[in-house]
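Participant: build me a structure from this.
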Amino acid sequence: MARAKRPYLSHTGRASNAEKQPSGPGPEGCDENGPAAALLVGHVSVQICSLLAPCRRPILITTKYLLFRGQDTRFDPFVHKPMSDRLTRRNFLAAVGTAAVSRGLLSRLAFAADEPAQTPHSTLGTNSTLDYGSTRELVAMLANRKISAVELLEHAIARIEALDQRINAVVVRDFERAHSAAVAADAALARGERAPLLGLPMTVKEAINVTGMPTTWGMPMFKGWMPKQDSVVIARLKSAGAIIIGKTNVPFAISDWQSYNEIYGTTNNPWDLSRTPGGSSGGAAAALAAGYVSLELGSDLAGSIRAPAAFCGVFGHKPSYGVVPLGGFAPPTVEQRLSADSDLAVLGPMARTAADLALALDVLAGPEDRDATAYRLALPPPRHVDSGCNPEPSRLGNGDRGPRSAAPAMA
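Facilitator: Numbering: from 1, shown residues only. Okay, the predicted model is just below:
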């Protein structure tokens, strides 16, 4: 059955020309696709994460400037058409005023970062260690031969095929090549080889280049475009033994607080299918919350990892700029890395435990080969060791806080 499009609100608050459907429960003016209000002006971002008690679904008001093909054009992310009016001082002050009024509502948000993420039992049924186990647990099971990489992959595929018709998180699938990689991982494990993610199936955000899979950023004009090489982070994940089984959904131009585009449709929140998982790494957060995979890779400039993680009850980390290399993360048809003036855009891990974020960041962090002659990443041991997060000193620095080795070898 074809997936119905959801109504979008334009910057004036009126429904756009997109296909409309009756509103769900909740007062008028509540848009099911938007969890926050944001104003992005040049390089300055003001974000409002307000949950309005009377509304079943939060309101989204957003305007953004997108730098695309060398032109500074203002876009409405809901209708994806240039807007002729310019941002005025009055509009700016109005947005700041909204932020001030909403400050009191932020106290309603409560986070329990020291506990593993919960699971949406009511929506998805019973869970198991394979559904909601941490990356560390699954890697240990693989290393101890309690399960094979092929068995773990087949379990993930079965869960995606059973549940994703309603959630629509994994929009690009590469199960055949993943099966070949799982067979190779089992052979390596049988030989006694070990790697941080050896045999672990995972998905990544659609905007990150992976050979053999399309990269579109949710923009119809780039439908079907295939990168010629893996991004640096994908090469590092594969070198660490991870098996990339597919890509997860994003909004148009990875630039919205929900995850809908005309190519792949709408991603729903596994906790409540009538709500959004957030954006722009909404498909990634939904895949984690649904129990498809234990590890994901997203991107973040103004909340694209952090907001979906909060909406879906999982963990996400926006690293400091420059810690994780951006090679292969650029608009479709652009193979090279983003330029040095790419604002605050970063790539970062998403998972179901904080300990797994530390594990993934160790795999991802460090300069590209061409930069490694100029600097190296030196991370001290963590200040707090709890919640099962006990990284090995050999990975995060030696006992005397000495420098960590340079970037992992690329495959």
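Participant: contacts only, for Leu295.
Facilitator: Shown in contact with Leu295 (CB atoms under 8 Å, 6 or more residues apart in numbering): 135, 197, 200, 202, 242, 288, 349-351, 356, 360. Using the backbone N, CA and C atoms, a C-beta is placed for each residue, glycine as well.
Participant: quick one: buried residues of whichever strand or helix holds Glu137?
Facilitator: Assigned by DSSP states H and E, Glu137 belongs to helix 135-143. Neighbour counts over helix 135-143 (16 or more other CB atoms under 10 Å) mark 135-139, 141-142 as buried.
Participant: kindly export that helix (C-alpha atoms) in PDB.
Facilitator: Coordinates of each C-alpha in helix 135-143 appear next as PDB, following Å, rounded to 0.1, in the frame of the first residue of the first chain:
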ATOM      1  CA  THR A 135      27.200  -3.400  20.700                       C
ATOM      2  CA  ARG A 136      29.700  -4.500  23.400                       C
ATOM      3  CA  GLU A 137      27.400  -7.500  24.300                       C
ATOM      4  CA  LEU A 138      26.900  -8.500  20.700                       C
ATOM      5  CA  VAL A 139      30.600  -8.300  19.800                       C
ATOM      6  CA  ALA A 140      31.400 -10.400  22.900                       C
ATOM      7  CA  MET A 141      28.900 -13.000  21.800                       C
ATOM      8  CA  LEU A 142      30.500 -13.100  18.400                       C
ATOM      9  CA  ALA A 143      34.000 -13.300  19.800                       C
END
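Participant: for Thr211, phi and psi?
Facilitator: As for Thr211, its main-chain torsions (degrees, to the nearest 10) stand at phi -60, psi 140.
Participant: start at 10, not 1
Facilitator: Okay, using 10 as the starting number, the last item reads as Thr220.
Participant: so what's it up against?
Facilitator: Taking CB under 8 Å, 6+ apart as the test, what Thr220 contacts is 235-239.
Participant: ok, 7 Å please
Facilitator: 236, 238-239 (CB atoms under 7 Å, 6 or more residues apart in numbering).
Participant: of the residues you listed, buried ones?
Facilitator: The buried subset of the contacts of Thr220 - by 16+ other CB under 10 Å - is 236, 239.
Participant: just the closest of the contacts of Thr220 to Pro340, please.
Facilitator: Pro236 (11.3 Å; CB to CB).
Participant: and that closest one, how far is that from Leu366?
Facilitator: The gap separating Pro236 from Leu366 is 26 Å, by CB to CB, to the nearest Å.
Participant: so Pro317 makes contact with Thr285?
Facilitator: No. Contact criterion CB atoms under 7 Å: Pro317 and Thr285 do not qualify, at 8.8 Å.
Participant: who's more crowded, those two?
Facilitator: Remark: of Pro317 and Thr285, Pro317 carries more neighbours, 35 against 31, as counted by other CB atoms under 10 Å.
Participant: which ones are touching the more buried one?
Facilitator: Taking CB under 7 Å, 6+ apart, we find Pro317 in contact with 286-288, 290-291, 293-294.
Participant: what helix or strand is it located in?
Facilitator: helix 315-321.
Participant: after that helix, which helix or strand is next?
Facilitator: With DSSP H and E, the next secondary element past helix 315-321 is strand 324-325.
Participant: so which elements touch the helix or strand following that next one?
Facilitator: Next along the chain after strand 324-325, taking DSSP H and E as the criterion, comes strand 355-360. Applying 3 or more CB pairs under 7 Å, 6 or more residues apart in numbering; DSSP states H and E, we find strand 355-360 packed against helix 291-298, strand 304-309, strand 324-325, helix 363-373.
Participant: if you count contacts, what does the longest one end up packed against?
Facilitator: Secondary-structure packing of helix 363-373 (3+ CB pairs under 7 Å, 6+ apart): helix 144-152, helix 241-248, strand 355-360.
Participant: the nearest residue to Pro260 once chain neighbours are set aside in helix, strand or coil?
Facilitator: Setting aside the residues directly before and after it, Pro260 is nearest to Gly288 in space (CB to CB, 6 or more residues apart in numbering), at 4.6 Å. Here Gly288 takes the coil state, with states given by DSSP: H, G, I helix; E, B strand; the rest coil.
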